[in-house]
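> build the 3D model from these lines:
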Amino acid sequence: MVGNTSFNEHDKEIFEYILDNIPDSITIVDENCKVIFFNSTAEKYYEVSKSEILGKDVVSFFPGALLPKVIEQGTSFYNVYNSPRQNSYIVLSAVPLHDKHGNIIGALARDRDITEIVKLSDLLNKTQLSLLQLEHKYSKISSSGESYFRKIISNNASFIQVINLCKNISKTPLNILLRGESGTGKELFAKAIHFESGRKGKFIPINCSAIPNELFESELFGYEPGAFTGAKNEGKIGKFEEAEGGTLFLDEIGDMPIELQPKLLRILEDGEVTRIGGNKPKKIDVRIVSASNKDIRELINENKFRKDLYYRLDVFQVSIPPLRDRKGDIVLLANKFLQEFCMEQGINIIEIPNDILDIFFAYSWEGNVRELRNVIQRSVIYASQDGKNKIEKEFLPSYMQKIKVDTISKIINLSEIKESDISLDEYMEKIEKRVIIETLKALNYNKSDVAKKLKIPRATLYYKMEKHGISNNAEMQNAIMQD
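So this is what the prediction gives:
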């Protein structure tokens, strides 16, 4: 060990002996990023000898090393996923080293080999489909439903209420209509409701907008042998029969052909289904969960949807809010998709810088959660191909690159999270307060314009201003911004 005159030779030998026998890789650099210690585990793992690396710049051996960043920023990193070489995976932590005056004199990195864990995870992912099929043969439906609801994550109070509402109505026999824009996760909610319900049958999804009209009836109701030209000799089971004892998910129900709606209504009223070309109705026990990104009442007024069918389907309606109405979840979801995709593809974890989060906050997300996932996956691929360790603006879709934003960091300081022990809900309250204040200032306290800008009703704006103690003029700004 060099650079530490307070150790005598005996102390150094003991210290190095201890670090050499730690099962994790240990690397220590000085303030200039020169390697001053490299333990035996690191030698074996990276196949680099101490004689080669000691006294050399760590970046010349490990171009993606975190240690230079630690020294430059004085920041610690914990449990960062990395893949230093093909088919090799580690979790690393790195911390700055200070002298007694608080000056940075170097940094230490500890790398833990998780290659076998990652390979095991990959094996488990490959068997997921088989496990989902087997769960119907064993009495584990309730626990599966709970796991599906765990996939729906949020820190938004209103959205969490929607999740809890769906959990509570899952075990009832009521038909449910899920309302929400495309990409909000309606099918994920439908699956969670089915598995939480405890029903023993299958979850059968059918997209009403993706099936040609001429095939719709046979898909839904099935047909008998020889029912029409081109029919299979053995006939075909319909989706209703396939979902016996389970749940039939009718996605985009607003696009169901008007001529088929009376037949669906009859099945819901009688609890019986008759195949095309058959004359023997069959009793069925199927729970209907339907979904639409359209206003069914408007379709009724346009004579495109039957009112009596609507009331059969809409026994209980659940509205799933769009992503733009819960922007506090953007960071949470973006990082979740980032970690999942990087782990799945064996890519080093890529950073999402604040300037990219600024764009995410400013964007309207018409494609909602599905669009956010797609943007993250696309950006990670581009970053990986360019050898970058973070998402850059050029990796985003062209329509997002054009977005001009007032940097969120001018309104909120994301680094406060590291230094604060407040809860996430309290932190989000602080963000909401500052966003309202900055928007009021930018729009000269025109509350009508502010409400439009923030896409909330004026009554909601007044409520939030009163809740946060925000006055109606500029005189309060200095006091509030010092809060």
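> leaving out sequence neighbours, find the closest residue to Gly245.
Excluding the flanking residues, the one nearest Gly245 by C-beta to C-beta, 6 or more residues apart in numbering is Gly201, at 3.0 Å. (C-beta placed from N, C-alpha, C; glycine too.)
> which parts of the stretch 351-483 of the chain are helices?
Secondary structure of the stretch 351-483 of the chain (DSSP state H, counting those that start in this stretch): helices located at 354-362, 368-385, 398-401, 408-411, 416-419, 424-442, 447-454, 458-468, 477-481.
> now the angle between helix 368-385 and the first one, please.
Put plainly, it is helix 354-362. Following axes from the mean of the first three to the mean of the last three C-alpha atoms, to 10 degrees, one obtains 160 degrees for the angle between helix 354-362 and helix 368-385.
> mean confidence (pLDDT) on helix 354-362, please.
Averaged across helix 354-362, pLDDT comes to 87.
> with the fifth one instead?
Averaged across helix 416-419, the pLDDT comes to 46.
> cool, stretch 340-349 as well?
pLDDT averaged over stretch 340-349 gives 82.
> one more: stretch 314-323?
Mean pLDDT, computed over stretch 314-323, is 92.
> cool, and stretch 20-32?
For stretch 20-32, the mean pLDDT works out to 89.
> hmm, who's touching that stretch?
Stretch 20-32 has contacts (C-beta atoms under 8 Å, 6 or more residues apart in numbering) with 1, 3, 19, 35-42, 45-46, 57-58, 67, 71, 90, 97, 104-113.
> correct me, but Asn389 touches Glu351?
Yes - between Asn389 and Glu351 there is a contact under C-beta atoms under 8 Å: 6.0 Å.
> send the alpha carbons of stretch 15-30 over as PDB?
Extracted as PDB, the C-alpha positions of stretch 15-30 are listed here (Å, rounded to 0.1, in the frame of the first residue of the first chain):
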ATOM      1  CA  PHE A  15      -4.100  -4.700   6.000                       C
ATOM      2  CA  GLU A  16      -3.200  -6.200   2.600                       C
ATOM      3  CA  TYR A  17      -3.600  -9.700   3.900                       C
ATOM      4  CA  ILE A  18      -7.100  -8.900   5.100                       C
ATOM      5  CA  LEU A  19      -8.100  -7.300   1.800                       C
ATOM      6  CA  ASP A  20      -6.500 -10.100  -0.200                       C
ATOM      7  CA  ASN A  21      -8.700 -12.700   1.500                       C
ATOM      8  CA  ILE A  22     -12.000 -10.900   0.900                       C
ATOM      9  CA  PRO A  23     -14.000 -12.800  -1.700                       C
ATOM     10  CA  ASP A  24     -14.900  -9.500  -3.500                       C
ATOM     11  CA  SER A  25     -12.600  -7.600  -5.900                       C
ATOM     12  CA  ILE A  26     -11.100  -4.500  -4.200                       C
ATOM     13  CA  THR A  27      -9.400  -1.700  -6.100                       C
ATOM     14  CA  ILE A  28      -8.100   1.500  -4.600                       C
ATOM     15  CA  VAL A  29      -6.900   4.500  -6.500                       C
ATOM     16  CA  ASP A  30      -5.300   7.800  -5.400                       C
END
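> which residues in this protein form strands?
Here the chain has its strands, by DSSP state E, at 25-30, 35-38, 77-85, 88-98, 104-113, 176-179, 203-207, 222-223, 236-237, 247-251, 272-273, 282-283, 287-292, 316-319.
> which parts of the first one are buried?
Of the residues in strand 25-30, those with enough neighbours to count as buried (16 or more other C-beta atoms under 10 Å) are 25-30.
> shaky segments in the chain?
The chain contains residues with pLDDT under 70 at 1-11, 83-87, 118-119, 121-147, 227-231, 405-427, 472-483.
> mind giving me the domain split of it?
Per the record, the chain has its domains at 9-119, 144-321, 326-405, 411-481, by automatic domain parsing.
> list the contacts of the residue nearest to Leu165 when sequence neighbours are not counted.
Excluding the flanking residues, the one nearest Leu165 by C-beta to C-beta, 6+ apart is Val318, at 6.4 Å. Val318 is in contact with 162, 165-166, 169, 176-179, 189, counting by C-beta under 8 Å, 6+ apart.
> which of the residues you listed are buried? Put it as a ChimeraX command.
Here is the ChimeraX command that picks out the buried ones among the contacts of Val318, judged by 16+ other C-beta under 10 Å:
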select :162,166,169,176,177,178,179,189
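> now the two most distant members of the contacts of Val318.
In terms of C-beta to C-beta, these reach their longest pairwise distance at Ile169 and Arg179, which sit 14.4 Å apart.
> what does stretch 293-311 contact?
Residues outside stretch 293-311 that contact it (C-beta under 8 Å, 6+ apart): 177, 179-182, 186, 252-256, 258, 261-262, 264-265, 268, 314.
> drop anything exposed from those.
177, 179-181, 186, 252-256, 261, 264-265, 314.
> ok, so of these, who is nearest Phe395?
Of all the buried ones among the contacts of stretch 293-311, Glu181 has the smallest distance to Phe395: 25.4 Å, by C-beta to C-beta.
> now that closest one: how far from Ile403?
Separation of Glu181 from Ile403 (C-beta to C-beta, to the nearest Å): 20 Å.
> can you check Asn103 too?
Remark: distance between Asn103 and Ile403 (C-beta to C-beta) = 41 Å.
> which of these two has more residues huddled nearby?
Legend: neighbour count by other C-beta atoms under 10 Å for Asn103 and Ile403, higher for Ile403 (15 against 10).
> re the thing from before, sort out for me which of the contacts of stretch 293-311 are in helices.
Using DSSP state H, the members of the contacts of stretch 293-311 that fall in helices are 186, 261-262, 264-265, 268.
> which of these sits closest to Ser379?
Out of these, the member with the shortest distance to Ser379 (by C-beta to C-beta) is Lys186, at 25.3 Å.
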